[in-house]
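A.B. asks: Using only what follows, build the 3D model:
(chains A, B and C)
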Amino acid sequence: MMSGSKGKIPKSCSKLDEDGNEVRRGPWTLEEDNLLIQHITSHGKGQWNSLSKSAGLKRTGKSCRLRWLNYLKPDIKRGNLSPHEQLLILELHSRWGNRWSKIAQHLPGRTDNEIKNYWRTRVQKQARQLKIDSNSNNFLEAVRLYWMPRLLEKMEQNAKSSSSETPNLAISAAAAPPSPIQISHPAPPNSEMEIEEISRVLSSPESFDEDCGYREDITGYGECHAAVADWFGEEIGMSSFWNSDELWQFRRFD
DNA sequence: AAGTCACCCAACCGCGTCTCT
DNA sequence: TAGAGACGCGGTTGGGTGACT
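C.D. replies: Prediction:
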């Protein structure tokens, strides 16, 4: 696996720590990834500083931990966020704010870093275009009134099309090229019943635990995994989510 | 074809919290 | 109980990439 995942040529640099030991920084190389994976596979994780040393890595413990959690961990799900996941992020962020790790706990296979990046690059961009603060009530209102229904609509469309031409995930998985690290992906919600359930839970305050989150597994696909690269390959065109009439209505909130 | 810009995301940093001695 | 080290979280940065001019 390539550091940076896009075929970038790693240009790691080194510096010396206070003991004069070399400490590498920057993108991880394939060799470093393999060392870390092998070491965690045989010895387990934890004690990151000593793990780094005993694995022969010239990295800080912090760096090793981050690399593992955000990139190498076997259950990491990659690819675009599905409308379902986007909906959850919007909903959970409206409740908890920038509690990225807490939000990530409700999106299997997604990291807090990924969710944070999504929020900063997509959601905040949308707020900037509307010229409203992404943490303001106006923006939350706009999200609830327009963005969330759009995502639900998209999920319903997807459910309908997938029920008429249900892809054979098992075949897709079998046909997928072998990966050096087995990454499994949660299967998406693909029935109208599931979507209705998600809508119900999202719109029902009673179904929400104050501190622990949803009482039910609203992700609906808890342990179900299939090796599909990306359920919702089609990118949701965020910038076109709101038409000019809607934009005008948002600004009336001000 | 070359330059510029915006976007995306991996990785780093600082700081608060937890755990161990 | 206090101090040190490890861990975890949220904010920020920097470089690669593709779109646009």
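
A.B. asks: And A:Lys53, how far from DNA strand C?
C.D. replies: 9 Å (Cβ to the nearest atom of the strand, to the nearest Å). Any C-beta I mention is one placed from the backbone N, CA and C, and that applies to glycine too.

A.B. asks: pretty sure that residue is in a strand, no?
C.D. replies: No - under DSSP: H, G, I helix; E, B strand; the rest coil, A:Lys53 falls outside any strand and is assigned helix.

A.B. asks: Can you show me the helices along chain A?
C.D. replies: Secondary structure of chain A (DSSP state H): helices at A:30-43, A:48-54, A:61-67, A:83-96, A:100-104, A:112-118, A:124-130, A:137-142, A:148-164, A:169-175, A:192-203, A:244-252.

A.B. asks: so can I have JSON lines of those showing distance to DNA strand B, mean neighbour count and mean pLDDT?
C.D. replies: Shown next, in JSON lines, are the helices of chain A (distance: least, Cβ to the nearest atom of the strand, whole Å; neighbours: other Cβ atoms under 10 Å; pLDDT from 0 to 100):
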{"stretch": "helix A:30-43", "distance to DNA strand B": "8", "mean neighbour count": "16", "mean pLDDT": "87"}
{"stretch": "helix A:48-54", "distance to DNA strand B": "11", "mean neighbour count": "16", "mean pLDDT": "85"}
{"stretch": "helix A:61-67", "distance to DNA strand B": "4", "mean neighbour count": "18", "mean pLDDT": "88"}
{"stretch": "helix A:83-96", "distance to DNA strand B": "12", "mean neighbour count": "22", "mean pLDDT": "84"}
{"stretch": "helix A:100-104", "distance to DNA strand B": "10", "mean neighbour count": "19", "mean pLDDT": "87"}
{"stretch": "helix A:112-118", "distance to DNA strand B": "4", "mean neighbour count": "17", "mean pLDDT": "87"}
{"stretch": "helix A:124-130", "distance to DNA strand B": "6", "mean neighbour count": "16", "mean pLDDT": "75"}
{"stretch": "helix A:137-142", "distance to DNA strand B": "17", "mean neighbour count": "17", "mean pLDDT": "78"}
{"stretch": "helix A:148-164", "distance to DNA strand B": "16", "mean neighbour count": "16", "mean pLDDT": "76"}
{"stretch": "helix A:169-175", "distance to DNA strand B": "21", "mean neighbour count": "12", "mean pLDDT": "29"}
{"stretch": "helix A:192-203", "distance to DNA strand B": "23", "mean neighbour count": "16", "mean pLDDT": "45"}
{"stretch": "helix A:244-252", "distance to DNA strand B": "16", "mean neighbour count": "12", "mean pLDDT": "44"}
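
A.B. asks: Next, format those as JSON lines and append distance to A:Ile76.
C.D. replies: As requested, the helices of chain A are arranged in JSON lines below (distance: least, Cβ to Cβ, whole Å):
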{"stretch": "helix A:30-43", "distance to A:Ile76": "12"}
{"stretch": "helix A:48-54", "distance to A:Ile76": "18"}
{"stretch": "helix A:61-67", "distance to A:Ile76": "11"}
{"stretch": "helix A:83-96", "distance to A:Ile76": "14"}
{"stretch": "helix A:100-104", "distance to A:Ile76": "11"}
{"stretch": "helix A:112-118", "distance to A:Ile76": "9"}
{"stretch": "helix A:124-130", "distance to A:Ile76": "24"}
{"stretch": "helix A:137-142", "distance to A:Ile76": "30"}
{"stretch": "helix A:148-164", "distance to A:Ile76": "23"}
{"stretch": "helix A:169-175", "distance to A:Ile76": "17"}
{"stretch": "helix A:192-203", "distance to A:Ile76": "23"}
{"stretch": "helix A:244-252", "distance to A:Ile76": "35"}
